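Quick one: sequence and predicted model below, then my questions.
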Amino acid sequence: MATAMLSGRIALVTGAGSGIGRAVCQVLAREGAAVAAVDINQTSAEKTVGDLQPITSSPNCHHPFAADVSDSKVVEDLVGMVKKRYEGVPSILVNAAGITRDNFLLKLDEKSFDEVIKVNLKGTYLMTKAIAQLMVENSQPGSIVNIASIVGKVGNIGQANYAASKSGVEGLTKTVAKEMGRYGIRCNSVLPGFIDTPMTEAVPEKVIDNMRKMIPAGRTGKPEEVAEACLFLASDRSSYITGISLEVAGGLFM
Ligand code: NAD
C-alpha cells in the first residue's frame, strides 16, 4: 500500500465548512494530515470534521474551530487555541474562506466592496501572516496555499469587488513567496474556474450553460478537483514550486 503523503503533518484549512475548503480537509486528511478546520460557521466546521477519516498514527487529531478570518483579534485567539490543541505547529495552511457580493460597478455599494475585500484579501493576509510567524518562530518549513480565482486574472462582469480581491491574493502570494523562501516556506495560489459549490448555486442555469460552452473541458469542476491541486502544492511533491498561480479551470480563460 502506498504511504500517505502528509503523515505527521498539521494542516490548517479556512472556509473548511463548505465547498472547496471542505474538500481540501477531506483530501489532506486522506493523506494522513491532522486537520484544523476553521470556519465562521461552527456547525459546518464540526460537520466537516465529523466526516473526516480519523488518524491513528499521531497524537494530533482533526478539530473544528469557529473563527472569522477577517478579524485580527479573532485570528490571534485562533492561533493561541491551535497552539494549545496540537503538538507542534501547522506546516500547511490553505486559505479557502471567501465570499461574494456581486453587482455591476454602477450599482456596487461601498459596503459590498469592503466586505469582500475584508474576507477574501485581508482574511488571507491575516491568516498567512499569523501562521507564517508561527512557522518561523518554530523553525517549521511549510506550504501556504491561497485560493484565488480565475476571475482575478481576467475580471468578470458583476464582480469588480471579488475580482479585485482575488488579484490581490495573487500579489500577496507572490510577495510572501519572495519573503518566506529563506525560511523554507512556500506560498502558491490556486485559481479555480467554475466549481460546483454553494457559492455558485445561485448562478442562473442559463449563465452556467453559456459558461460551459466556453470551458474546453466542457463541464464545470468539482471541489475535489481543486482539492487535489491544493494537496500537490501543500505536499513535498511540489518542493521547488513557489509563487505560482495554478489554474484549475478546465481550460477556461487559459
Ligand atoms: P462556499 O461558500 O461553499 O464556502 C466558503 C466557506 O467560507 C463557507 O463555509 C463560509 O462559512 C466560510 N467563510 C466565509 N466567510 C468567512 C470568514 N470571514 N471567516 C471564516 N470562514 C468564512 O464557497 P467555495 O466555492 O467553496 O469557495 C471557497 C474558495 O474558493 C473561496 O475563496 C472562493 O472565492 C474560491 N473560489 C470558488 C470558486 C467556485 O466556482 N466555487 C471559483 C473560484 C474561487
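Cool, the structure landed.

Now for Ala36, which secondary structure element holds it?
Per DSSP states H and E, Ala36 falls inside strand 34-39.

okay, the helix or strand following that strand in CSV with CA atoms only?
Using DSSP H and E, the next helix or strand after strand 34-39 towards the C-terminus is helix 42-50. The C-alpha coordinates for helix 42-50 follow below in CSV (Å, rounded to 0.1, in the frame of the first residue of the first chain):
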residue,chain,number,x,y,z
GLN,A,42,-19.1,26.5,13.8
THR,A,43,-21.8,23.9,12.9
SER,A,44,-20.5,23.4,9.4
ALA,A,45,-16.8,23.1,10.6
GLU,A,46,-18.0,20.4,13.1
LYS,A,47,-19.8,18.6,10.3
THR,A,48,-16.6,18.6,8.2
VAL,A,49,-14.5,17.2,11.0
GLY,A,50,-17.2,14.6,11.9
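
Can you point out the buried residues in helix 42-50?
44-49 (16 or more other C-beta atoms under 10 Å). Backbone N, C-alpha and C define where each C-beta goes, glycine included.

residue ranges of the helices in this structure, please?
19-30, 42-50, 72-85, 110-116, 123-137, 151-154, 160-180, 205-214, 223-234 (DSSP state H).

tell me the most buried of those?
helix 19-30 (a mean of 26; mean count of other C-beta atoms under 10 Å).

what helices or strands is it leaning on?
strand 10-14, strand 34-39, helix 42-50, strand 92-95, helix 223-234 (3 or more C-beta pairs under 8 Å, 6 or more residues apart in numbering; DSSP states H and E).

Spell out which residues sit in contact with Tyr86, please.
Applying C-beta atoms under 8 Å, 6 or more residues apart in numbering to Tyr86 gives the contacts 10, 34, 36, 60.

Can you name the two of these that sit furthest apart?
Distance extremes for the contacts of Tyr86: the farthest pair is Ala36 and Asn60 at 9.1 Å, using C-beta to C-beta.

Compare the two and say which is more crowded by neighbours.
Neighbours per residue (other C-beta atoms under 10 Å) separate Ala36 from Asn60, with Ala36 holding more: 28 against 18.

Could you report the neighbour count for the closest residue to that one other than its chain neighbours?
Excluding the flanking residues, the one nearest Ala36 by C-beta to C-beta, 6 or more residues apart in numbering is Leu12, at 4.3 Å. A total of 29 residues lie near Leu12 under the criterion other C-beta under 10 Å.

One more: Ala11?
Neighbours of Ala11 using other C-beta under 10 Å come to 29.

Please apply the same query to Thr56.
With other C-beta under 10 Å as criterion, Thr56 counts 7.

The ligand versus that one, what's the distance?
Separation of Thr56 from the ligand (C-beta to the nearest ligand atom, to the nearest Å) stands at 28 Å.

Met5 versus that residue, what's the distance?
16 Å (C-beta to C-beta, to the nearest Å).
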